[in-house]
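1. Take a look and give me a structure for this.
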Amino acid sequence: MLSSNFQSLGLVALAGLTRAATVTYNFDITWVWAAPDGFGRPVVGINNQWPCPSIEANVGDTIVVNLNNKLGNETTGIHWHGINQVTTEEMDGPSGVAQCPVAPGSSITYQFVADIAGTYWCKSEI
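-> Numbers count the residues shown, from 1 in each chain. The predicted structure is shown next:
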């Protein structure tokens, strides 16, 4: 009976793996006009919008973010707050710490697995 339970758990684990997807986002990092504190000014946005769009994924999904730096005058990168980057430290994003800053006109592709459920923050580093 004990081995039967372990086989069932194994099948459940395998079933979860087959549902994992790859979710891909294309982010153009741009200057946009916004008033986050009530005073209008240029702020860093994604795809010409602020607040920035959400990323939605399920646990086990691979997240791919293609970042294009269109700021023109600033380097950037995305830092993923709360995302475990145990095997993908180079994807964590703090410019000058875990990766080189992305120069204006350049791109980077972030790729990592969503391994814990929850709501997390990311921010552009300039």
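
2. Any regions of the protein where pLDDT drops low?
-> For the chain, the stretches with pLDDT under 70 are 1-18, 89, 93-96, 118-126.

3. same thing but 80
-> Scanning the chain for pLDDT under 80 picks out 1-19, 80-99, 116-126.

4. Now do the helices in it.
-> Ranges of helices in the chain, per DSSP state H, are 2-18.

5. Pretty sure Gln99 is one of the things Asp92 touches, is it not?
-> Yes. Counting by Cβ atoms under 8 Å, Asp92 does reach Gln99; the two are 7.4 Å apart. Heads up, the C-betas are built off the backbone N, CA and C, glycines and all.

6. Val65 against Ile29, yeah?
-> No. At 10.7 Å, Val65 does not count as touching Ile29 under the criterion of Cβ under 8 Å.

7. So Val102 versus Glu56, what's the distance?
-> Distance, Val102 to Glu56, using Cβ to Cβ, to the nearest Å: 24 Å.

8. Quick check on those two: which one has the bigger neighbour count.
-> More crowded of Val102 and Glu56, by other Cβ atoms under 10 Å: Val102, with 23 against 10.

9. Can you tell me, leaving aside adjacent residues, what's nearest to that one?
-> Asn69 (4.6 Å; Cβ to Cβ, 6 or more residues apart in numbering).

10. report the longest strand in this structure, please.
-> strand 22-34 (DSSP state E).

11. buried ones in that strand?
-> Tyr25, Phe27, Ile29, Thr30, Trp31, Ala34 (16 or more other Cβ atoms under 10 Å).

12. mind checking how far Ala117 is from Lys70?
-> With Cβ to Cβ as the criterion, Ala117 and Lys70 are 32 Å apart.

13. out of those two, which sits in the busier spot?
-> A count of neighbours by other Cβ under 10 Å puts Lys70 above the other of Ala117 and Lys70, at 17 against 7.

14. Contacts only, for the more buried one.
-> By Cβ atoms under 8 Å, 6 or more residues apart in numbering, the contact set of Lys70 is Asp28, Ile29, Thr30, Pro104, Gly105.
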